[in-house]
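# starting from these lines, generate the structure:
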Amino acid sequence: MSKTYKNPPVIEVLCEFQFVPDQQWDITIPELMYERIKDEFSEKQQFNRYQIGMDIRLNQVGEEIAQPISRMQFLKKDKSALIQLDPDVLIVNHLKPYPAWHQFQPLILKNLQAYKDISHPKGFKHIGLRYINAIEIPKSAMIEEYFNLCPSLPKDLSNKCRDFFLKVDIPYEEGQDSLTIILARDMSKESLGLILDLNYAMIAPEKVSLDAIEEWLKIAHGRIEESFEGCITDKCRMLFEGGE
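Numbering: from 1, shown residues only. Below is the predicted model of the structure:
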């Protein structure tokens, strides 16, 4: 977030670019990318993730097929930030401590430019800017004291709610973009831990040109920041300033 807090709740921020496939994926791209960014992202690792699909033949649905996709990761030495590559996918991540938007945005643009120079993508299929926040409030607290976005339950049930998952989708740009806000319990915490996840995405393919990405990012970040501040109360803000 651009607003500065003493103890910001951001645990991860990422920007994901999916590109319109123009040709068969060039397996030399990850190594060429590494050569461009290795001074800053010196550590690399590879792992397989699995994409689940359905085998449909002769109008019959077969068993699900797990298709391995190789993902390359290039990390800073302190593991605070990383670049990820899939076929036709570039992801720029920053973990805690998140610096600030004026520092993260240049990191996005610099690595996107490196990818463009190497792979010459045709256009964007999807873009997403996502902020994940972890917020802990007192276990006996009422959630509505800290969040303007929260579940609404009858009084006789509100004190019995142990877990919840609240999701809101808000369209922008005549449906070309969308902001997804998720508020959910973090069950790994003994205290009342919550995850506030905000993801602004271009969902209409090729609606943003390769040269217009900086303006899109500015708008996306502004809407995420505005929505984040709208989702929390002043009492919640006090937690980020070392209060309570």
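# show me the strands in this protein, by range?
With DSSP state E, the ranges of strands along the chain come out as 10-19, 43-57, 60-75, 81-86, 89-95, 124-137, 165-172, 177-185, 192-202.
# just checking, what packs against the last one?
Meaning strand 192-202. Strand 192-202 is packed against strand 124-137, strand 177-185, helix 213-231, with contacts defined by 3 or more Cβ pairs under 8 Å, 6 or more residues apart in numbering; DSSP states H and E. For glycine as for every other residue, the C-beta is placed from the backbone atoms N, C-alpha and C.
# what does stretch 119-128 rub up against?
Applying Cβ atoms under 8 Å, 6 or more residues apart in numbering, the contact partners of stretch 119-128 are 14-22, 26, 29, 88, 115, 199-203, 205-210, 213, 216, 220.
# rewinding a little: please identify the most buried of the helices and strands packed on strand 192-202.
strand 124-137 (a mean of 20; mean count of other Cβ atoms under 10 Å).
# just put the helices and strands packed on strand 192-202 in JSON lines and tack on distance to residue 241 and mean pLDDT.
As requested, those are exported to JSON lines (distance: least, Cβ to Cβ, whole Å; pLDDT from 0 to 100):
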{"stretch": "strand 124-137", "distance to residue 241": "13", "mean pLDDT": "96"}
{"stretch": "strand 177-185", "distance to residue 241": "21", "mean pLDDT": "95"}
{"stretch": "helix 213-231", "distance to residue 241": "14", "mean pLDDT": "97"}
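# picking up where we left off before, residue 145 is nearest to which of the strands of the chain?
Closest to residue 145 of these, according to Cβ to Cβ: strand 124-137, at 7.9 Å.
# where does this structure have low pLDDT?
1-2, 49-69, 153-162, 188-190, 242-244 (pLDDT under 70).
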